[in-house]
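J.: Need the 3D shape of this:
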Amino acid sequence: MRSKDGNDEAMIKVSGLTKSFGDNKVLDGLSFEVAGGEVVAVMGSSGTGKSVLLLQMVGLIVPDAGEIEIDGVKVTSLTERELLGFRSRVGYLFQESALYDFMTVAENLAFPLREHTKMTTAEIGSKVAQFLEYVDMPAEGDKYPSQLSGGMRKRAALARAMILGTRVLLCDEPTSGLDPIRSRDISLLIRDLSKKLGCTTVITTHDVVNAFRTADRTLVLDSGRIVAQGVEKDLRASTDPFVKEFLEG
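T.: Have a look, this model is predicted:
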């Protein structure tokens, strides 16, 4: 699908996605689409399957039924070997950042470039410096994750998730564990970098304020289905009891 500016960008299609763990059905025929270059937030209470959704989108959890298509690739049909190549094209920002503690920030960013590209050492250094600038950490490359604040670790993890030139970015609860100011900052940074780099982005969150601040469109998940979607005024106007309680809570 082409974006409004004419660039050929990624698109996400989730169709009839169902997943149960024992007797607990966390996703129940979930369906939605994300246009190329769009930033979409998926909101819902804890335990409603938001993280499970993202893990299925990169093939780390197999759905019971349904289909996921990302950038023309049917993820649910890929073999394990094919999934390895596919995942290098999708950036994933983990809830706990998941930086390698034994590597410096710069080494963390360089790692995917060394693993998945044929770039020279000089080219990798230049790319790392560029992305450290993107996340406002130009002087932090020599530090280890343990020397960073929670907000800085999120920034470094975001840079690593996007450094391969990913067309799709998946963010699992990116404001978790951050104070309101750092939550705002990382939310705006995700939006700004997604737009700057032409990324199609899906964010799972229970952070209502930052979901509306970041996303072009917001989906509300309850009982494994989308019960409301749209911009803030659309969701505020919803008469669905869960949506009203979630937004006011």
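J.: going forward, measure contacts and count neighbours with C-alpha atoms only.
T.: OK.
J.: and residue 19, what pLDDT?
T.: pLDDT for residue 19: 95.
J.: Tell me how many other residues crowd it.
T.: Using other Cα atoms under 10 Å, residue 19 has 23 other residues around it.
J.: So it, which state does it fall into?
T.: Three-state assignment for residue 19 (DSSP: H, G, I helix; E, B strand; the rest coil): strand.
J.: was I right about it contacting residue 25?
T.: Yes: in this structure residue 19 lies within contact range of residue 25 using Cα atoms under 8 Å: 6.0 Å.
J.: Mutual contacts of the two, please.
T.: Residues touching both residue 19 and residue 25 (Cα atoms under 8 Å, 6 or more residues apart in numbering): there are none.
J.: Show me what the least confident helix or strand in the chain by mean pLDDT is packed against.
T.: Ranked by mean pLDDT, DSSP states H and E, the weakest helix or strand in the chain is helix 80-87, scoring a mean of 88. The contact analysis (3 or more Cα pairs under 8 Å, 6 or more residues apart in numbering; DSSP states H and E) places helix 80-87 against no helix or strand.
J.: roughly how far is it from the heart of the chain?
T.: Relative to the centre of its chain, helix 80-87 is centred 18 Å away, using Cα atoms, centre = their mean, to the nearest Å.
J.: Can you tell me what sits against it?
T.: With Cα under 8 Å, 6+ apart, helix 80-87 has contacts from 58-59, 75.
J.: Can you tell me who the residue nearest the centre of the chain pairs with across the strands?
T.: With distances taken as Cα atoms, centre = their mean, residue 170 lies nearest the centre of the chain, 1.8 Å away. In this structure, residue 170 bridges to residue 92, residue 202 when assessed by DSSP bridges.
J.: Contacts only, for it.
T.: Taking Cα under 8 Å, 6+ apart as the criterion, residue 170 is in contact with 54, 90-93, 201-203.
J.: and the closest residue in space to residue 34 that isn't next to it in sequence, how many neighbours?
T.: With Cα to Cα, 6 or more residues apart in numbering as the criterion, residue 34 has its nearest non-adjacent residue at 5.0 Å, and that residue is residue 12. Other residues near residue 12 come to 24 when the count uses other Cα under 10 Å.
J.: What separation is there between residue 12 and residue 43?
T.: 17 Å (Cα to Cα, to the nearest Å).
J.: So what touches the longest helix out of those in the chain?
T.: Identified as the longest helix of the chain according to DSSP state H is helix 180-197. With contact meaning Cα under 8 Å, 6+ apart, helix 180-197 is reached by 37, 39, 134-135, 151, 154-155, 158, 165, 169, 174-176, 199-201, 210-211, 213-215.
J.: Let's see which of the residues you listed end up in strands.
T.: Those of the contacts of helix 180-197 mapping onto strands are 39, 169, 200-201, per DSSP state E.
J.: Would you reformat those residues as TSV and include pLDDT?
T.: Listed next are these as TSV, based on pLDDT from 0 to 100:
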residue	pLDDT
39	97
169	96
200	96
201	97
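J.: from those, which two are the most distant?
T.: Greatest spacing in these, by Cα to Cα: 39 and 169 (9.2 Å).
J.: Looking at those two now, which is surrounded by more residues?
T.: Neighbour comparison, residue 39 and residue 169: the larger count goes to residue 39, with 24 against 21 (by other Cα under 10 Å).
J.: just to revisit the earlier point, from the contacts of helix 180-197, which ones fall inside helices?
T.: Reading helices off the contacts of helix 180-197 with DSSP H, I get 134, 151, 154-155, 158, 210-211, 213-214.
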